[in-house]
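K.L.:
got a sequence here, can you build the structure:
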Amino acid sequence: MMKKIVRVSLVAASMAMLTLTAGMAQDKTVTLTGHLVDQMCGAELKDAAKAAEHSKECALMDHCAASGFGLFADGRYMKFDTGGSKKAKELLEKTKKEKDIVVVAEGTLNNGVLTVAGLREK
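P.N.:
Next up, the predicted model:
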């Protein structure tokens, strides 16, 4: 009888974890404000001060721009989808700022990738 209770408990716990994991993977509509950084450099960022120091010149270098773009916000780096990276590059090419490029990104976040619906400089 005790073994059956343990098995039922384990199955219930496993189902709860699957439900929780599935819920976390679903798209979540968000509006985020943070520093615009290419993915090559963004992967190494640990804090907002370093993200603020990242330059427009670096982000637009061929190999950096080719990696795509993302946003450092809320203490972490989030990659943009392909369309968002295109919007980010266009924004970077137009901005007059050389560093501390803060943007507002709207879209859906799924597993750390932001599908960008809108992007504007703050």
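K.L.:
contacts for stretch 32-43, please.
P.N.:
45, 48, 51-52, 54, 58-59, 63-65, 67-74, 77-79, 85, 88, 91-92, 100-106, 109, 114, 122 (CB atoms under 8 Å, 6 or more residues apart in numbering). C-beta coordinates here come from the backbone N, C-alpha and C atoms, glycine included.
K.L.:
only the buried residues of it, if you could.
P.N.:
Neighbour-count burial for stretch 32-43, counted by 16 or more other CB atoms under 10 Å, picks out 32, 34-42.
K.L.:
which of the contacts of stretch 32-43 fall in strands?
P.N.:
69-73, 77-79, 102-106, 109, 114 (DSSP state E).
K.L.:
who does the residue nearest the centre of the chain form a beta bridge with?
P.N.:
Centre of the chain computed as the mean C-alpha position; nearest residue by CA atoms, centre = their mean is Met78, 1.5 Å away. Note on Met78: beta-bridge partners by DSSP bridges are Leu71.
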